[in-house]
Structures are given as C-alpha cells and as structure tokens.
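Participant: Structure for this input, please:
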Amino acid sequence: MKNTLLIVFTLLTTLGVAQDRKEAFSLFELGNYEAALEELIELQEEDSDNFIYAYMIGVCYLNTNIDKSLAVDYFKQALKNPKGNENTTYLLGRAYHFAYQFDDAIRSFRKFKELAKSTNPNLLTLEKQIEYCDNAKELLKFPVNVSFENLGKNVNSVYSDYYPFIPSDESFLIFNSCRDDESTQMPNGRYLSNIYMSGVESGEFGTAKLINSTINSKEDIEEVVGLNSTGDRAIIYKEIYPKGSAIYECNIIEKRVESLKKLPKTINSKYIEIAASLSTDGSRMYFASDRPGGYGGVDLYMCQRLPNGTWSQAQNLGPTINTIEDEDFPNISPDGKALYFSSKGHTSMGGYDIFKATWNHSKRKFGAVRNIGYPINTPEDNMNFRVSASGRYGYISALRKEGIGDLDIYRVTFKEIEPEYTVITGRIKAAENGEKLDHALISVIDEETGDVYGDYIPNLETMRYVIILPPGKFEIFVESDGYEEIYQNIEVLDKSSFQSHIELDFRLVISK
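Facilitator: Predicted structure coming up:
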C-alpha cells in the first residue's frame, strides 16, 4: 500500500512539474518575462542543475527592469551545458556589462567572436558592445557631481514610469506610466501606457492623475514625448491599432490637455516619428524619425515655422548630431542654447545615453556634442532628459536601487550650479515695552544635517537683519540677553513655489 501511494504521489508531482514547466515556457514565449521568471526560479529550485532553466532565467533578467546583473550567475551556469550554444557567451557579456564588470564583458564578447558562426546575427553588434564597455570605463573615471531625488509615491508606482517633462519653472510634471489603471494588458503582461500629470504645491509634486480621457484611452498607446519650455503645448505620440502611429500637438490649459491636432505630413511621414521638441518661441520643432535618407536608424530633424504658420520641409540635423546608430528624444533648453538628446552612438556607455550639443552662433547649428556623464548615464538605456530654467535641475527616468519599482522618475541636482537663493529680511523688536534692543544673535540650523548654516548679527541701529538661504528646511534661533529665546521653523521652497524674498519679523519677550 505504501509503495502504491508513493507511486501515485510521484506521478502527481511529475505531472505538476510538467504543468509548471509548460506554463513557464508559454510565458517566456509570450515575452512575459517577469511572470516567467517567477515560474522558472521555482522550477530551478527543484532542479538546480537544469541548464535550460538557468539560460531562460538569465534571459528573463536581461529583459526586465528588476536587476539585469543578476543574469550573470545563471549564464555562467548555462555555459556548463555541453550542448549549449555560443549565444550564451554573448549574453553573459551583456550581463557583465550591466553589472559594471566591463573587462569580464569584453572577454566574453571576444570569446563569443571565436565561437560564433559567421552568420550569427549577434556578430553585427559585437564591436559596438565592446565599444560601449570601453566608453563606460572612461566615463566612470570622471563622474559628474550630481544627486538623485526619487519623486516618491505621489508620482512613481511599482510599474514603469518614464519620459518626464516639466516646464522651465517646474510648476508641473507630465509623464507616462504603464500601470494597472484599467488600460489593456498585453500578452507580455505589460499594460498599455497612459499619460499622467502632477502639479506642484508648496514646492512638492502632488498625486499624479490621469489626464483627460479625450487624450488617454484604454485600448491604445498614448505617450507624452515633448513639451515646450512654457508648458502650454505638448507633443503626444499615439499608436492606434491597426491604423499605425503619429505625433500630435496639443494645448495645456490649467493642467488640462486640450485641442489634440495631428502634425502635418512634413513632420508625420509614412515612417515612424517618435518624439519632438518645440523651441520656446515656437519657431522650430525638432523631432526623431526613421525616414530614409538619414545617417542610419532613427535621426533627428528640424522644421521651421513659416510666416503663414505652416511648417517647412524637414531638415536633417547632420552628421555632427546624427550617427549610424539611433538618435532620439530631442529636448531644447529653455534658453535655446543647448540641445539634449539620446543616442546609441557617439560615446555611449551602453544603449541610449543622453548627450548635450551646444548652439554655435557663427555656424548657426548645434555642435560640440558631449556625453553628460555617469551616473546620469548608465549601461541601461537613458532616454529622455529635461532641464529646468536655471540648469541646476534635470528630470530623468532611471533604474536605481532605491527605486519604487521598474523605471522611476528622478529629479537630478547638478551640484556645481548654484541654486536660486531666497533673501529673508526683517527686524528684531521688543514685544512689550518697545524699548530699543542693543544686541541680538540669529543662528540658522539646517534641519536635514543638523549643522549650523550660519550666524547673523542684525544692524545695531535698526535691528534689521538679512539672511540668504537655498531651498531647504531650516530652524531659526534668535537670542538676546534678558529675553526669551525664539525658535522658528522655515521652509525655503523651490520649483514654481520659489520666492525670491521673504519678510519675517521677530518680537522678543522679556524673560521671567
């Protein structure tokens, strides 16, 4: 009887494993890598020597935004398979690249070159992958001095949140998200994208909300792919199956997106247009297109607004900007002096990196292209970059360890650029008898660090003081012999809540 039960149990277990395996393989084939990963890890725990599971888990990690470097150990295990193929070596190189193990990545790519047949399609990108690793090694030697602020749960979700755009005064944020908001779920497990907006209140971004349903829909893909610096006109990408895709211009009025209008054929061609940017004065539009006649892949183009209000024929921005690789997401700085864009060419450290081109007045074109640097750029794709009016702040979507999930939106602070300062002035007075004070001391404490930001002595004749502070939270401490001490918290706001001047008087009470 015991043997019979054991046979039945073994049979049921085998059938259960077979069903789980079928489910995992089906999810993998559909490109639903996150769901497949969960199933495959469970299967591998029961059969840790299975080379196929190890290979598939590695592929899943490379195709999700969980942590691509986790693929390394699984591909190393898969390489032990005597019946494996040379592509595992190539994928191990990709995994090493994402793990910042660039020398190991290059060795894997070189090994793949020795093993691969001449018809292997991965050979087409091999030298570019090695070039990415060489570029990354150099860029990591000279990191830019920046800090990252995750915009938090008011903006970000556990799903992919990406392509952030802000007007130059940072008064609101408009971005895309593939979250579960009743939009259609695709076979690969991802939800179709919709557009969200978050307004600024008291210097902070509020809860992001779907923009109006006249733009967003449950069945199609909608993405914001451009915004002018004043924040009153946006560029929307819409993909409507089976009609195809196009980019549209619309107005933003009091946080509502209205008057969607398809851009003309000089911009929307029968090919694919991906992203666009309007100059501050509205006279120029820069956009990305894969139309023929460029330098390779997706190129950047420019149209000028003619006196009659129509757009001119598109002009390719030329080989200084465009390469044989893809360029995308042009963004004009508010002053028009810089063009930010993403590229797989130039000196990218992996996939798309963000680059900056500077306007040359004498040549009347953008040049002097440079990589804006690590850690803004990483081995992952870094696509859209939006800069504030001062140039001190930029907005990106990125994969970082402190993230909420998948791509999150961050505000990047360039520490070498001075912030806008608020001037705080006022007088120190005696509250009760109105007698003239002959001395007082003001200390300002930075609440975040607990350090003394500065000590200040008012004018002894007028008892008027001046304090200049950057954005942040501070505690002001006022003391004078014979009077009770005063403690007051103050928050200096930035973004569109910035105040250049605050008037603040203090009235001292005689100590008892």
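
Participant: Show me where this structure dips below the pLDDT cut-off.
Facilitator: 1-17, 432-434 (pLDDT under 70).

Participant: Kindly state the domain boundaries assigned to it.
Facilitator: 2-139, 146-414, 422-508 (automatic domain parsing).

Participant: can I get the ones you listed in TSV with mean neighbour count?
Facilitator: C-beta: built from backbone N, CA, C; applies to glycine. Shown next, in TSV, are these (neighbours: other Cβ atoms under 10 Å):
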stretch	mean neighbour count
domain 2-139	17
domain 146-414	18
domain 422-508	15
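
Participant: Going along the chain, name the strands of the stretch 151-300 of the chain.
Facilitator: Using DSSP state E, counting those that start in this stretch, the strands of the stretch 151-300 of the chain run over residues 161-165, 172-177, 194-201, 204-205, 209-210, 221-227, 233-240, 244-253, 256-262, 273-278, 284-289, 299-304.

Participant: Starting from the longest one, tell me which strands it pairs with and how they run.
Facilitator: Within its sheet, strand 244-253 is paired with strand 233-240 (antiparallel), strand 256-262 (antiparallel), according to DSSP bridges.

Participant: mind putting those in CSV, distance to Asn322 included?
Facilitator: Below are these laid out as CSV (distance: least, Cβ to Cβ, whole Å):
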stretch, distance to Asn322
strand 233-240, 20
strand 256-262, 25
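
Participant: one step back: between the strands of the stretch 151-300 of the chain, which one is nearest to Asp455?
Facilitator: Closest approach to Asp455 among these is made by strand 204-205 (29.5 Å; Cβ to Cβ).

Participant: Measure how far the closest one is from the centre of its chain, please.
Facilitator: Taking Cα atoms, centre = their mean, to the nearest Å, the mean C-alpha location of strand 204-205 is offset from the chain mean by 17 Å.

Participant: Check which strands are paired with that strand and give the direction for each one.
Facilitator: Going by DSSP bridges, the partners of strand 204-205 are strand 194-201 (antiparallel).

Participant: what's in contact with the strand it pairs with?
Facilitator: 151, 154-155, 161, 170-177, 179, 181, 183, 205-211, 215-216, 222-224, 236, 255, 257, 495-497 (Cβ atoms under 8 Å, 6 or more residues apart in numbering).

Participant: Dump the C-alpha coordinates for stretch 69-83 into CSV.
Facilitator: Extracted in CSV, the C-alpha atoms of stretch 69-83 (Å, rounded to 0.1, in the frame of the first residue of the first chain):
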residue,chain,number,x,y,z
SER,A,69,23.2,42.0,-13.3
LEU,A,70,21.5,39.0,-11.7
ALA,A,71,21.7,37.2,-15.0
VAL,A,72,25.5,36.7,-14.7
ASP,A,73,25.4,33.7,-12.4
TYR,A,74,22.7,32.0,-14.4
PHE,A,75,24.5,32.4,-17.7
LYS,A,76,27.7,31.1,-16.1
GLN,A,77,25.8,28.0,-15.0
ALA,A,78,24.2,27.7,-18.5
LEU,A,79,27.7,27.7,-20.1
LYS,A,80,28.4,24.4,-18.3
ASN,A,81,25.9,22.8,-20.7
PRO,A,82,27.9,20.6,-23.2
LYS,A,83,25.1,21.1,-25.7
